[in-house]
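Peer 1: Got a sequence here, can you build the structure:
(chains A and B)
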Amino acid sequence: MKNRTRTNWLAMVLIALGTVFILFPLYMAVTIALKNQNDMLNSIFGLPTNLRFENFARAIEMTNFFQALRNSAIVTVSTVVLTILTNSLVAYAIARNMNKHKFFKGLYFYFISAMFIPFPIIMLPIVKLTASLGMTNLLGLIILHTVYGLAFNVFIYVGYIRSIPIDLEEAATVDGTGTFGTFVRIIFPLMAPINATVGILICLSTYNDFLLPLVIISKQSQYTLPLVQYVFQGQFNTEFNLAFASYLLAMLPMIIVYLFAQKWIINGVTQGAVK
Amino acid sequence: MAKRKAAFYWMTVPALLLFFVFHTFPALQGVFYSFTNWNGFAKTYDLVGFKNYYYLFQDDNVGNAYWFTFKFAIVVTIVINVLSLLIAMGLNASIKARNFFRGVYFLPNILSVLIVGYIFNYLFSNVFTVWGQNLGIESLSTNLLGSQGLAWLGVAFVAIWQGIALNTILYLSGLQTIPTQLYEASGLDGANKWQEFWKITFPLIAPFFTINMVLAMKNALMVFDLIVALTNGGPGRATQSISHLIYTGGFEGGEFAYQSANSVIYFIVIAVISIVQIRYLQRRETDM
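Peer 2: A predicted model of the protein is given here:
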């Protein structure tokens, strides 16, 4: 019988070679962001001769990085919090009643079916609608992200809540706790794992989203990080060092989060997709 | 008890209203506008029946966008799934530093598609061309993204680079559900690696295959950010995806109603593909 705990060196070498393919573009991004024009002319691939952090300083100033970072942070954090609080509540009501009442069953399929509707069909009218409601700002973006997440979130929340035994709630009802109180005190704390999954997915998709801010946000002072890269793309011109410094700065917050919460993020994304 | 039921209704009503106002209503508006001749900013418009749809089917730009999007989506979906499964099997083998490698392979999934596109845009014009010249590969010695015939392969390459991340992790979690005793048993029976894969591994990860095919296909059919960052639809309209055409035509080309009709067709196409894919792949799962 083969010993399966022995290291499989062939697989290991191939996997290690594959990471070069993944890391090469990021290596290029980091080195270019730290080079000056001379280094670039001498060798595109080499390491920078002296680290030029000035590129970052100039990129921060040029793109008003901290403003964009603040906008992205506000939108991402608010959307995550609002999504977890509201979508879980809606899903709870649906999960506990969908077998008893047609209304909730219908609601479930109504939300779920929205997963098949591609954004472009909404994109053109929503621009008119948000403009007429004065929602072409960060608040509008937060609301839309939260509402559009409903379809998928209700789907995974309902699946999870139905696996929680109903006995606990019945006991609470006997004790005189109201429906809302039951949710807050009993169900919500039990939902921690699925809340983490939803939170992580929403965090990633909101932080990296480009199309919705592109069509919604009107004022440049409210641009999010991806939108800023888009707007400045023309102005970076041939100053690639500056452009790459700006790209790295925009990706950095998420990379830092990833370094610390890698296991959580991978688990969260896997759970979200498998459910 | 009645109070309890009322509370449940109140939990859903605000969400229902918001969802209707910001999702269903605009979608219905989109369908309505598709039967008008509105350009998006004029004060008045007329109902024109199915005229927009009639013209859509004769429009080369539309046909072109569908052709690009489909060939792109099919190639990307297949390549991503093959590579992801191979990488996942490598990660699932007994190797050292597995968590480190897993972390590296998943990294592209957390990055902004737009920024990844910009980074590759530079690599295509300034780095890959150097390799092409040194190695004497003609198609790479000039910017691939500038080539009318090959630019779509460049876009597909970047989509694959980034798309592998998610599918690999999903396949890996599927592989980890397979008990190792199964392989030990098949080893005793004298099965080779090839048979092992087709008789044990692949059937057991069928649900993950379904998810990955659907996810990869859906992402590829919706491609927008990458197009903006890499080619802006060019050269000419060689890499214009459907959503990019709807965006540019609808907002910049004064074709609000016309592109609304296009988005209705696009919705029908996506819905049909998703449903067929899920049905077909789920039936396969149970057959095995």
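
Peer 1: Show me which residues of the stretch 51-200 of chain A sit near chain B.
Peer 2: A:86-87, A:89-90, A:92-94, A:96-97, A:103-104, A:107, A:110-111, A:114, A:116-127, A:129, A:143-144, A:147-148, A:150, A:173, A:178-180, A:183 (C-beta under 8 Å from any C-beta of the partner chain). For glycine as for every other residue, the C-beta is placed from the backbone atoms N, C-alpha and C.

Peer 1: What helices and strands are in contact with the helix or strand where A:Thr79 lies?
Peer 2: Using DSSP states H and E, A:Thr79 falls within helix A:65-97. Contacts defined by 3 or more C-beta pairs under 8 Å, 6 or more residues apart in numbering or on different chains; DSSP states H and E place helix A:65-97 against helix A:102-113, helix A:138-161, helix A:192-208, helix A:225-236, helix A:240-274, helix B:2-19.

Peer 1: go with 6 Å
Peer 2: Helix A:65-97 sits against helix A:102-113, helix A:138-161, helix A:192-208, helix A:225-236, helix B:2-19, with contacts defined as 3 or more C-beta pairs under 6 Å, 6 or more residues apart in numbering or on different chains; DSSP states H and E.

Peer 1: Next, the angle from it to helix A:225-236.
Peer 2: If you take axes from the mean of the first three to the mean of the last three C-alpha atoms, to 10 degrees, helix A:65-97 sits at 150 degrees to helix A:225-236.

Peer 1: number of nearby residues for B:Phe68?
Peer 2: Using other C-beta atoms under 10 Å in any protein chain shown, the number of residues around B:Phe68 comes to 24.

Peer 1: Can you give me every residue that contacts it?
Peer 2: By C-beta atoms under 6 Å, 6 or more residues apart in numbering or on different chains, B:Phe68 lies in contact with B:Thr239.

Peer 1: Okay, buried residues for the helix or strand it falls within please.
Peer 2: Using DSSP H and E, B:Phe68 sits in helix B:60-92. For helix B:60-92, the neighbour count (16 or more other C-beta atoms under 10 Å in any protein chain shown) marks B:61-62, B:64-66, B:68-69, B:72-73, B:75-77, B:79-81, B:83-92 as buried.

Peer 1: same question for it, mean pLDDT?
Peer 2: The pLDDT scores in helix B:60-92 average 93.

Peer 1: go on, stretch B:186-201?
Peer 2: 81.

Peer 1: and that stretch, how far from the chain's centre?
Peer 2: Distance, stretch centre to chain centre, for stretch B:186-201: 33 Å (C-alpha atoms, centre = their mean, to the nearest Å).

Peer 1: Pull up the distance across that stretch, start to finish.
Peer 2: 11 Å (C-alpha to C-alpha, to the nearest Å).

Peer 1: Pull out the buried positions in it.
Peer 2: Within stretch B:186-201, the residues that count as buried by 16+ other C-beta under 10 Å are B:Ser186, B:Ala191, B:Glu196, B:Ile200, B:Thr201.

Peer 1: Would you enumerate the residues in contact with the first one?
Peer 2: B:Ser186 makes contact with B:Glu196 under the criterion C-beta under 6 Å, 6+ apart.

Peer 1: One more pass at 10 Å, please.
Peer 2: B:Asn192, B:Lys193, B:Gln195, B:Glu196, B:Lys199, B:Ile200 (C-beta atoms under 10 Å, 6 or more residues apart in numbering or on different chains).

Peer 1: Ok, the third one next?
Peer 2: Under the criterion of C-beta under 10 Å, 6+ apart, the neighbours of B:Glu196 are B:Leu182, B:Tyr183, B:Ser186, B:Gly187, B:Asp189, B:Phe202.

Peer 1: quick one: which of the residues you listed is nearest to chain A?
Peer 2: Ranked by distance to chain A (C-beta to the nearest C-beta), the contacts of B:Glu196 are led by B:Gly187 at 6.0 Å.

Peer 1: Give the next helix or strand downstream of the host helix or strand of that closest one.
Peer 2: For B:Gly187, the host element (DSSP H and E) is helix B:180-188. Counting by DSSP H and E, the next helix or strand C-terminal to helix B:180-188 is helix B:193-196.

Peer 1: Now look at the helix or strand that that next one is followed by and say if it contacts chain A.
Peer 2: Of the helices and strands lying after helix B:193-196 in sequence (DSSP H and E), the nearest is helix B:202-204. No. Judged by C-beta under 10 Å from any C-beta of the partner chain, helix B:202-204 makes no contact with chain A; its nearest approach is 14.3 Å.

Peer 1: Who are the contact partners of A:Gly134?
Peer 2: A:Gly134 makes contacts with A:Gly140, as judged by C-beta under 10 Å, 6+ apart.

Peer 1: From A:Pro213, how far off is it?
Peer 2: Applying C-beta to C-beta, to the nearest Å, the value for A:Gly134 to A:Pro213 is 17 Å.

Peer 1: Same check on A:Phe188?
Peer 2: Counting by C-beta to C-beta, the gap from A:Phe188 to A:Pro213 is 30 Å.

Peer 1: between these two, who's got more neighbours?
Peer 2: Per other C-beta under 10 Å, whichever of A:Phe188 and A:Pro213 has more neighbours is A:Pro213, with 25 against 16.

Peer 1: what about that one, helix or strand, and which?
Peer 2: A:Pro213 belongs to helix A:211-216 when assigned by DSSP H and E.

Peer 1: which strands and helices sit next to that helix?
Peer 2: Judged by 3 or more C-beta pairs under 10 Å, 6 or more residues apart in numbering or on different chains; DSSP states H and E, the packing partners of helix A:211-216 are helix A:65-97, helix A:120-132, helix A:138-161, helix A:192-208, helix A:225-236, helix B:113-122, helix B:225-230, helix B:242-247.

Peer 1: Residue of the stretch 151-275 of chain A nearest chain B, please.
Peer 2: For the stretch 151-275 of chain A, C-beta to the nearest C-beta, closest residue to chain B: A:Thr179, 3.6 Å.

Peer 1: got the contact list for that residue?
Peer 2: Contacts of A:Thr179 by C-beta under 10 Å, 6+ apart are A:92-93, A:96, A:169, A:172-173, B:3-8, B:10-11.

Peer 1: Repeat that for B:Tyr53.
Peer 2: B:Ser34, B:Phe35, B:Tyr258, B:Ala261, B:Asn262, B:Val264, B:Ile265.

Peer 1: what stretches of chain B score poorly on pLDDT?
Peer 2: The model of chain B has pLDDT under 70 over residues B:1-3, B:284-288.

Peer 1: which residue sits closest to the residue most central in space within chain A in space, ignoring its chain neighbours?
Peer 2: By C-alpha atoms, centre = their mean, chain A has its centre lying nearest to A:Leu204, at 1.6 Å. Take A:Leu204 and drop its neighbours on the chain: the residue closest to it by C-beta to C-beta, 6 or more residues apart in numbering or on different chains is B:Ile110, 5.9 Å away.

Peer 1: Neighbours of the closest residue to A:Phe111 other than its chain neighbours, how many?
Peer 2: Ranked by C-beta to C-beta, 6+ apart and with sequence neighbours excluded, the top spatial neighbour of A:Phe111 is A:Val154, at 4.6 Å. As a burial measure, A:Val154 scores 26 neighbours (other C-beta under 10 Å).

Peer 1: what about A:Val154, distance to B:Tyr55?
Peer 2: Taken as C-beta to C-beta, the span from A:Val154 to B:Tyr55 is 38 Å.

Peer 1: Now do the helix or strand hosting B:Thr210: distance to the chain's middle.
Peer 2: Element membership of B:Thr210 [criterion: DSSP H and E] is helix B:206-221. Taking C-alpha atoms, centre = their mean, one finds helix B:206-221 lying 9 Å from the centre of the chain it belongs to.

Peer 1: For that helix, which helices and strands make contact with it?
Peer 2: Helices and strands touching helix B:206-221, as assessed by 3+ C-beta pairs under 10 Å, 6+ apart, comprise helix A:240-274, helix B:60-92, helix B:151-175, helix B:256-287.

Peer 1: Measure how far the last one is from the centre of its chain, please.
Peer 2: The reference is to helix B:256-287. With C-alpha atoms, centre = their mean, you get 13 Å for helix B:256-287.

Peer 1: Great, nothing more from me.
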